[in-house]
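Enquirer: Okay, here's the prediction I keep looking at, along with the sequence it came from:
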Amino acid sequence: MKTSIKTFICGLALIATASFTANAGDKEAKKTSSFGTGVYATKSGKINVLVDKINADAKTTLLLKDADGTIVYRETIARDNKKFGRTLNLEAMEAGKYTLDIISGNEIQTKTFELAEQKVERVLTVK
């Protein structure tokens, strides 16, 4: 009986140690971000960009680049502005691939999207 209790306690200690080690490794593996972003397209063909910074230590820059890497839009938001949103109107932009970089401090979050021309279908009806 004493042997089975000792075995049970040793097994329980081993499981608790393994569980603690796994949880500590998971926390170290997760990278904390100094800001969160939300980028989504609207039905009218615009892009909404939302940024929520944890602290106001650094200014934030929005860079919109085309496929060649040419900057087509740049905006710098003040340090003290912790939450903000922008709507980017893409009507005048040519079709192609684009990259949106959101930079705050030493961190960059990148979103990519593609503008395509809407194809018009021809319909032939014979009566």
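Expert: Perfect, I can see it now.

Enquirer: The closest residue to residue 73 other than its chain neighbours in helix, strand or coil?
Expert: Closest residue to residue 73 apart from its sequence neighbours, by CB to CB, 6 or more residues apart in numbering: residue 64 at 3.8 Å. C-beta coordinates here come from the backbone N, C-alpha and C atoms, glycine included. Secondary structure, DSSP: H, G, I helix; E, B strand; the rest coil: residue 64 is strand.

Enquirer: For this protein, give me the ranges with low pLDDT.
Expert: By pLDDT under 70, the weakly predicted segments of the chain are 1-32.

Enquirer: so where do the helices sit in it?
Expert: Along the chain, counting by DSSP state H, helices occupy 2-29.

Enquirer: can you list the domain ranges for it.
Expert: As given by automatic domain parsing, the domain ranges for the chain are 1-30, 35-115.

Enquirer: that older thread, just grab the bridge partners of the residue nearest to residue 73 for me.
Expert: residue 73, residue 100 (DSSP bridges).

Enquirer: From the opening residue of stretch 120-127 to its closing one, how far?
Expert: End-to-end distance for stretch 120-127, by CA to CA, to the nearest Å: 22 Å.

Enquirer: Check the offset of it from the chain's centre.
Expert: Relative to the mean C-alpha coordinate of its chain, stretch 120-127 is positioned 43 Å out (CA atoms, centre = their mean, to the nearest Å).

Enquirer: All further residue positions should be reported with the first residue as 648.
Expert: All set: I'll call the first residue 648, so the last point we hit is now stretch 767-774.

Enquirer: buried sites along that stretch?
Expert: Going by neighbour count (16 or more other CB atoms under 10 Å), nothing in stretch 767-774 comes out as buried.

Enquirer: One more: stretch 697-707?
Expert: By neighbour count with 16+ other CB under 10 Å, stretch 697-707 contains the buried residues 698, 700, 707.

Enquirer: Just the endpoints, please. Distance across it?
Expert: Start-to-end span of stretch 697-707 (CA to CA) is 12 Å.

Enquirer: what's that stretch in contact with?
Expert: 680-686, 723-732, 749-752 (CB atoms under 8 Å, 6 or more residues apart in numbering).

Enquirer: Please, a ChimeraX command that selects the buried ones among those?
Expert: Here the buried members of the contacts of stretch 697-707 are turned into a ChimeraX selection, burial being counted by 16+ other CB under 10 Å:
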select :682,684,686,724,749,750,751
